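# kindly return the folded structure for what I paste below:
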Amino acid sequence: MLPLFGQNLFRDGPAVFAPVENIPATADYVIGPGDELQVRAWGQVDIDYRAMVDRNGLISIPQVGAINVAGTRYQDLTGVVRSAIGRVFRNFELVVTLGQLRSVRVFVVGHAERPGAYTVSSLSTLVNALFAAGGPSPQGSMRAIQLKRGAKVVTEFDLYDLLLAGDKSKDAALLPGDVIYIPPVGPLAAVGGSVRNPAVFELKGSTSLAQLLDLAGGLSTIAQTRRATLERIENRDKRVVDQLSLDAAALARPAKDGDLITVLAISPKFENAVTLRGNVAQALRYPYREGMRVRDLIPDKEALVTRDYYLRKNLTVQLESNANRAGRGRETGTGQQAISQQRLLDEVRNLEDEINWDYAVIDRLNETDLSTTLIPFNLGKAVLENDAAQNLALKPGDVVTVFSKRDVGASVGRRSVTVHLEGEFNHSGVYQAKPGETLRQLIARAGGVTQHAYVFGAELTRESTRKQQEERLARALEQIERDLQQASVRRAQSVLTAEDASALKSEQEAQRALVSRMRALKPTGRIVLELPEQAKLADLPDVSLEDGDRVLIPSTPSMVSVFGSVYNESSFVYRPAKSVNDYLAQAGGPRREADEGSTFVLRADGSVVSRRQSGLFLGSLKPMPGDAIVVPEDFERTTWVRTLKDWSQIFYQFGLGAAAIQVLK
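Residues are numbered from 1 along each chain as shown. Reported below is the predicted structural model:
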């Protein structure tokens, strides 16, 4: 919907054009009742007097008497006062200035946004009062605003002069009792389409289409000069539309009330261009030449190295520099340095938006039926091997799109796989796996592990696995909450006493708190490698690798931890001969509220061993370095708790690390 031209001028209220009180009065300012005058004289007479002009237009000065100043222009005021004082004294100097100016009460009537009586400064003008009243309403005229003084029209103001030319020459100062009348809006015509200021305009007098377009700021850069449409209401009977060529004859036609002229834009189509886009150095339109082919558009592989690649590469250098500085700073903690190094690893991986050499496409428009045809070709053969069969001919308007391997999933054998090796490797770092290379093969190629490597504790974490675990955990928690709600309804039906209700409420609060803590759990994405306790490098499975995999082999830890409902949660020195029961005894044994039957061991390799799996033999199990023994609390055996099945299953199925053990408290 087109706006009414000029309405936004009054959007911010009267402060925009409100009169300023502390500006000097102009020379032609007319003195009137309510004005304050400051009279200073020195010489034969000494006068320093503030006088207010009374309703009779007089001021009274001691030793001089009454002086009539009403109707006097400010530029003549000193002369009038000098003449009056001169009748009594001689040989004096005189200065007369204005103090507080009088207020003026005027009336804004007709089709104003806020018609009414307004008290404004005597310096105010017609325009100031218009802003105080919010300007003309949508039904009011902007082009014939009248200032009336008695029976006389002092001035007629056209706001378009102010808006379009900055012309305020017909503005007039206000006097008490003035009336500002805003008549109904005149004929309206709208200009839309490709002009600089599309809007609805009020017509004044005879207005040609050329003048109407001038009001709209003229044609925009992309406007057609030979095509425009004119919608018109004829004889208040019917609507008609006409197509115009914006020549002199058409522009001379008079505009009429209700007209809508729409200037059409030129087509965005480039007549002689082919476009290169996607994973390229510079997405651009190029001029088409007769006989042009793909190799003309992409002459060599350098045309496909993106600017983003170099920007990210430069960022990686900056991150590395910052990480080094953080390492040298005495006040910078190791956490900040670790974060910087982690970002550095991520940025190295992000550099690998490799080009998909197997697939690119030409997007071509069929001019006959306006259908779009996608013409695929082998980019590598066309650019790298100069294969004439893949060096396809181009046509004007073609769009050639180059993809990265991330855009279009390549086959496993052609997909780039980046793996982070961290910890006790002879050469830790970021490696690009060869097609079909397994975890064990990659570690061997990277130089193997150090003598301190604890292979049993190797961690392989994978983003796709983490997402699956996250989804399974979310679904499980949704089911738990549904079971909770159903169980609460059933329990509430059996409540008979206030004590039962209080117990039910406490139980529900505990259940909700547990579920809330479980929602905070974050799966790690760890894949259990099922390694023997004395695992060596050769025991690592031939696991296929995915892009973004992280492999951490820690040094051999010296502790076994005991968590949960025991008297002394702590980490204890690993002793090969000690069993689970020995470590539990060191921790003071299970507490009274412990659920001994659900005790489990979270192994350093990510696996879980529970009493349900090994029965009474769990107590005699010899933990390995880095293992954690967990004793959950004994929650009431309601339906919703049984839904959780077994804490050991939760930790195993959802890939929860040792940090999640706190949820059991």
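# care to break this protein down by domain?
Segmentation of the chain into domains, based on automatic domain parsing, reads 7-18+103-182, 36-98, 188-265, 273-414, 468-524+557-664.
# quick check, residue 517 in a strand?
No - per DSSP: H, G, I helix; E, B strand; the rest coil, residue 517 lies outside any strand segment and is helix.
# run a quick neighbour tally on it.
The local packing of residue 517 (other Cβ atoms under 10 Å) involves 14 other residues. From N, CA and C alone the C-beta is placed, and that goes for glycine too.
# what does the pLDDT read for it?
pLDDT for residue 517: 74.
# would you mind measuring from it to residue 549?
According to Cβ to Cβ, to the nearest Å, residue 517 stands 30 Å off from residue 549.
# likewise for residue 11?
Separation of residue 11 from residue 549 (Cβ to Cβ): 58 Å.
# more crowded one of the two?
Set residue 11 next to residue 549 and count neighbours by other Cβ under 10 Å: residue 549 wins out with 25 against 9.
# what sits closest to that one if chain neighbours are left out?
Excluding the flanking residues, the one nearest residue 549 by Cβ to Cβ, 6 or more residues apart in numbering is residue 419, at 4.7 Å.
# circling back: out of the domains of the chain, the one nearest residue 443 is which?
When these are compared by Cβ to Cβ, domain 468-524+557-664 sits nearest residue 443, at 15.9 Å.
# show me what whatever helix or strand residue 479 lives in is packed against.
Per DSSP states H and E: residue 479 is located in helix 463-493. With contacts defined as 3 or more Cβ pairs under 8 Å, 6 or more residues apart in numbering; DSSP states H and E, helix 463-493 has these neighbours: helix 498-519, helix 639-643.
# CSV please, covering those and showing distance to residue 215.
Output for the helices and strands packed on helix 463-493, formatted as CSV (distance: least, Cβ to Cβ, whole Å):
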stretch, distance to residue 215
helix 498-519, 62
helix 639-643, 73
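# out of these, which is the most enclosed?
The highest mean neighbour count among the helices and strands packed on helix 463-493, using mean count of other Cβ atoms under 10 Å, belongs to helix 639-643: a mean of 15.
# tell me the mean pLDDT over it?
Averaging pLDDT along helix 639-643 yields 47.
# the chain should start at 57 in everything you say after this.
Renumbered: residue one is now 57, and that last one reads helix 695-699.
# enumerate every residue touching residue 411.
Contact partners of residue 411, counting by Cβ atoms under 8 Å, 6 or more residues apart in numbering, are 335, 360, 435, 458-461.
# ok, back up a step: TSV for the domains of the chain, including distance to residue 503?
As requested, those are exported to TSV (distance: least, Cβ to Cβ, whole Å):
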stretch	distance to residue 503
domain 63-74+159-238	71
domain 92-154	93
domain 244-321	63
domain 329-470	18
domain 524-580+613-720	23
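# so which residues of the stretch 107-256 of the chain form strands?
In the stretch 107-256 of the chain, strands defined by DSSP state E, counting those that start in this stretch lie at 114-117, 121-124, 148-154, 159-166, 172-177, 201-205, 208-213, 235-238, 244-249, 255-258, listed in chain order.
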